[in-house]
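Visitor: test case, fold it:
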Amino acid sequence: MSGERSTVSTGDGSPRRTEARFMHHIPRRPTTARSGRGDRRPEGRFWRILVLCQIDNFTTLRRHLGRPRADALVHDVSDRIAELCHDVRISIAGRAIVEIAFERDSCEAAAADIDRVRQAFQRPIDLDGEGYQLNLQFGIAAAPSTESDEVRLAEAAESALEQAHAENRVVMLDLSRADLAFDKLTLMRELPRAMAAGEMFLQYQPKVHVRRQEISSAEALVRWEHPVRGLILPSDFISVAEQAGEISALTLWTLRQVIQDQQTLVSDGQDLTLFINISGVLLADKAFVEEACEIVSSTDAKIGFEITETAVIRDPESAIRHLNRFAEIGVTLAIDDYGAGLSSLAYLKQLPAKELKIDKMFVMQLTSSNRDPLIVRSTIDLAHALEMEVVAEGVETPSALALLSVMGCDMVQGYLISRPLGFDAFRQFLADDSYFSGAGGANSFIRPESFWKRA
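Guide: This is a model prediction of the structure:
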């Protein structure tokens, strides 16, 4: 590949050439940060770069090296990248994933740096006296200094990697391009066709029950793989679906697919509750509630609905009435993103919810903030007093997991356990981790950091 130029996608299918030479592949976000020379930012206009790097042949290497040594590979990669690029910030983001954040004067400069890293790993590396080839895949998101939305940058990096994996090439998303801000009117027109054409698909992110040491449920997340635009992020199309009046159809499609997937899991010996997110506008929609109840009542699948507290506050009378209807037919209800809105005890105590999910903005700063642990602990105590179990989302470090366990948190969800997975990958994940249940021993849940990395 030396001397070749690579095609870097700008997200709309139109190529832009760079001098860098690349490979391809898959995502995720940070846990434990480390760096070379820290947080230097250039003066004036600059670009913020987020790179997701994955050991693509991790599974093969694990067979040869064994699980303990393979789990240390991501640290070997992190150390090597730190040697090659002294001014980057590196995070271990999964069992085989490294996240690299830095600033450059241009996208081309960033591409050149990542290509230098890629080339450095073209030769076999020495692992305990033997040479092994690590196949690294890279995906990049770039934003100008005026773009301050960290979530958008992270989602763009994930989207780039998903597209790269699907198309077997690198995808660099330049967030300054106007064509990345999709025309909402166009998306509104395309949504019905997309659902009919099978462009929508689901990914699942598992929840682990801390005391039972097992995967107890999972959250279904809807995705849109556009034939031209590539992967469209939920943040771009969920609001469009609401505005276009298509959110009911999209949610009912999701519900039917989740029921089908849940029954497939039962045949695999995995009888898990699968949760879907319910938009706030639907809690006041009588027609949606009636159809959703009819669909759920026609099956014995274990289904849960996640609703935000702000959705209840929008129209509390209708919301509480309809949530009670869902609870009566056996739907497990979870309050999502608790703490992100204006939490109201007056409404909370009226809801027939069995789970309360603490918003990840509190969990991700749990070990570095003075106030967040107090908020999380008081929320756990409150939920238990209301006879609800607590789910902490955004768990990305073993230290946060340990602290949540001490606080009495019931379940955890986040990239420390697993990123969202396609259904087939999720089934494989459950099969591989079947030893979660019945691990035995009072301390079997206390495991090294590498055990909890899932990618």
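
Visitor: separation between Asp432 and Lys354?
Guide: Applying Cβ to Cβ, to the nearest Å, the value for Asp432 to Lys354 is 28 Å. Heads up, the C-betas are built off the backbone N, CA and C, glycines and all.

Visitor: pick out whichever of those two has more residues nearby.
Guide: Between Asp432 and Lys354, Lys354 has the larger neighbour count (other Cβ atoms under 10 Å), namely 16 against 11.

Visitor: that one: what's it in contact with?
Guide: Thr332, Leu333, Ala334, Met388, Glu389 (Cβ atoms under 8 Å, 6 or more residues apart in numbering).

Visitor: and which of these is nearest to Leu65?
Guide: Glu389 (38.0 Å; Cβ to Cβ).

Visitor: nearest residue to that closest one other than its sequence neighbours?
Guide: Among residues not flanking Glu389 along the chain, Asp410 sits closest, at 4.0 Å (Cβ to Cβ, 6 or more residues apart in numbering).

Visitor: may I see the contacts of Lys354 arranged in CSV, with distance to Asn57, neighbour count and secondary structure as well?
Guide: CSV is the format used below for those (distance: Cβ to Cβ, whole Å; neighbours: other Cβ atoms under 10 Å; DSSP: H, G, I helix; E, B strand; the rest coil):
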residue, distance to Asn57, neighbour count, secondary structure
Thr332, 39, 20, strand
Leu333, 42, 21, strand
Ala334, 37, 24, strand
Met388, 43, 21, coil
Glu389, 39, 19, strand
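
Visitor: let me have those in CSV, extended by pLDDT and distance to Ala311.
Guide: Shown next, in CSV, are these (pLDDT from 0 to 100; distance: Cβ to Cβ, whole Å):
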residue, pLDDT, distance to Ala311
Thr332, 97, 17
Leu333, 96, 12
Ala334, 95, 12
Met388, 95, 17
Glu389, 96, 20
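
Visitor: direction included, what does the longest strand along the chain pair up with?
Guide: In the chain, with assignment by DSSP state E, the single longest strand is strand 214-226. According to DSSP bridges, strand 214-226 forms sheet pairs with strand 200-209 (antiparallel), strand 230-232 (antiparallel), strand 273-277 (parallel).

Visitor: what's the closest of those to Cys53?
Guide: strand 230-232 (18.7 Å).

Visitor: now the helix or strand just after that closest one against strand 273-277, angle please.
Guide: Next helix or strand after strand 230-232 toward the C-terminus (DSSP states H and E): helix 234-244. Put simply, helix 234-244 runs at 60 degrees to strand 273-277, going by axes from the mean of the first three to the mean of the last three Cα atoms, to 10 degrees.

Visitor: mind checking pLDDT for the residue nearest to Glu389?
Guide: Looking at Asp410, its pLDDT is 96.

Visitor: surely it touches Arg212?
Guide: No: using Cβ atoms under 8 Å, Asp410 makes no contact with Arg212, being 9.2 Å away.

Visitor: more neighbours: which of these two?
Guide: Taking neighbours as other Cβ under 10 Å, Asp410 and Arg212 compare with Asp410 leading, 23 against 14.
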